[in-house]
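Chemist: one predicted model, sequence on top.
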Amino acid sequence: MRTATVSDIVLMRRGVVIALLGAMVAACNAPPVPERGEPLAVVWKAGPPLPAPVTNNAVAAVNTDAGVAVFSFLGLDSTKVWSGVTNAAYRWDVGSPEGWRPLEPVPGPGRLAATAQAVRGKIYVFGGYTMAADGKERTLPDVNIYDPSSGTWSRGRDIPVPVDDAVSGVWRDSIVVLVSGWRNESSVDRVQWYDPATNRWSQGTPIPGTPVFGHAGAVVGDHIIYVDGAVAVDDTRRFALDTAAWMGDVTSGDPSVVAWSALGEHPLPALYRAAGGSVGGLALFVGGSENPYNHDGIGYDGVPSEPIRQVLAFALRVSEWRNLAAPPIATMDHRTLGVAGGMVFLVGGMEGGQSVSSKVWYADVKELLASIW
């Protein structure tokens, strides 16, 4: 073994000093980490408004050769009545002076509470429900596939257990999961996986908690995370908010086996129809309401629901809840965030007074991920 000389020791000490000085400089230049109760800084910008107000729409974003493209499908217009349910589709190429442009409508009837996810350049629109003039609702099993490069629609295999108001996410950039949700008369506890490569469905371990709808969630790495949602109080269509957070572990690599665990209650408020999505190691939940409501924004308790101006984040690596700076206007009645290129997009929804919105907000969170998590 080589024995250290005096000169070696001097050099090692000098290296330690240099390393410490470098760390001190880096710490001085790094953005300050806010105190626990202080929202983390995120700059929200206004995007071009949609051609028409829409709420409860399915939103997704993809990276294209030209940059990021954001999509809005289906939803309910400003009338908030059955005839205002639409199958309209729109696209915005971020940075383009054109703003949003209409696309070929989603095949089939207009519907509410569908969810959309992007996988390898294509967008998959799942489920949702139709509404008739007499108020009757029907959950659809539809899987509609949009190819942004060709501007064409195709049909995927139907959802085995049709759902609306479900949580969705993409696991390992290849398989979509649908978690719980509503089906015609009641919520279901199903965890359903769709593989676009094979056009096949499989079932995962059901959720252990109470079946919910209108919850918010995302897939972060090998984990499914979802919060809150509405649960039935009795059989007279009275609902209340569940205030729990759950995490499903799929690190086994087998999506049929999900190891569920309770995360406990997250920082208040509880959320109904917040927009969910993931960026890097963060699960994000934007907006929402504390009072479960029907399609028109009126609570099941008869009280008009109002949106919350908030962004809740869960950092998987450190198992930590934090709040981020919120968009300038409170909104509710969302399903998913559009996420691409390190940016998140909040499209449409309802503002205060149950007003259907055409507004679009977006934020770049890459710097936040690099500096904090």
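Modeler: Perfect, I can see it now. None of these values were measured; they are calculated from a predicted model.

Chemist: check contacts around the nearest residue to residue 266 once chain neighbours are set aside.
Modeler: Distance criterion CB to CB, 6 or more residues apart in numbering; nearest residue to residue 266, sequence neighbours excluded, is residue 245 at 4.7 Å. Any C-beta I mention is one placed from the backbone N, CA and C, and that applies to glycine too. Applying CB atoms under 8 Å, 6 or more residues apart in numbering, we find residue 245 in contact with 225-228, 262-266, 314.

Chemist: do residue 359 as well
Modeler: Going by CB under 8 Å, 6+ apart, residue 359 touches 46, 49-50, 329, 331, 348, 351.

Chemist: rerun at 10 Å
Modeler: For residue 359, the contact set (CB atoms under 10 Å, 6 or more residues apart in numbering) comprises 46-50, 53, 327-329, 331, 346-349, 351.

Chemist: just for the stretch 251-373 of the chain, where's the confidence low?
Modeler: 370-373 (pLDDT under 70).

Chemist: pLDDT below threshold where in the stretch 101-250 of the chain?
Modeler: Low-confidence segments of the stretch 101-250 of the chain, defined by pLDDT under 70: 236.

Chemist: restricted to strands, list the contacts of residue 245.
Modeler: Those of these mapping onto strands are 225-227, 262, 314, per DSSP state E.

Chemist: adding distance to residue 133 and neighbour count, write those residues out as a markdown table.
Modeler: Shown next, in a markdown table, are those (distance: CB to CB, whole Å; neighbours: other CB atoms under 10 Å):
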| residue | distance to residue 133 | neighbour count |
| --- | --- | --- |
| 225 | 38 | 26 |
| 226 | 33 | 27 |
| 227 | 35 | 28 |
| 262 | 42 | 11 |
| 314 | 41 | 24 |
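
Chemist: show me which pair in the residues you listed is furthest apart.
Modeler: Farthest-apart pair in those is 262 and 314; separation 13.3 Å (CB to CB).

Chemist: would you map the helices across the protein?
Modeler: Along the chain, the segments classed as helices by DSSP state H run 6-29, 366-371.

Chemist: rank those by mean pLDDT and give me the bottom one.
Modeler: Among the helices of the chain, helix 6-29 has the lowest mean pLDDT, at a mean of 37.

Chemist: before we move on, the earlier item: partner residues bridging the residue nearest to residue 266?
Modeler: When assigned by DSSP bridges, residue 245 has beta-bridge partners residue 227.

Chemist: quick check: it vs residue 231, distance?
Modeler: Note on residue 245: its distance to residue 231, by CB to CB, to the nearest Å, is 14 Å.

Chemist: count the residues that sit near residue 259.
Modeler: 12 (other CB atoms under 10 Å).

Chemist: just give the nearest non-adjacent residue to it, would you?
Modeler: The shortest distance from residue 259 to any non-neighbouring residue, by CB to CB, 6+ apart, is to residue 249 (4.1 Å).

Chemist: and the residue most central in space within the chain, what is it in contact with?
Modeler: Closest residue to the average C-alpha location of the chain: residue 276 at 2.2 Å, with CA atoms, centre = their mean. Shown in contact with residue 276 (CB under 10 Å, 6+ apart): 115, 167-169, 215-219, 225-227, 283-286, 288, 312, 334-337, 339.

Chemist: cool, residue 173 as well?
Modeler: Contacts of residue 173 by CB under 10 Å, 6+ apart are 118-120, 219.

Chemist: what's the most distant pair in the residues you listed?
Modeler: Greatest spatial distance in the contacts of residue 173: 120 and 219, 15.2 Å, computed using CB to CB.
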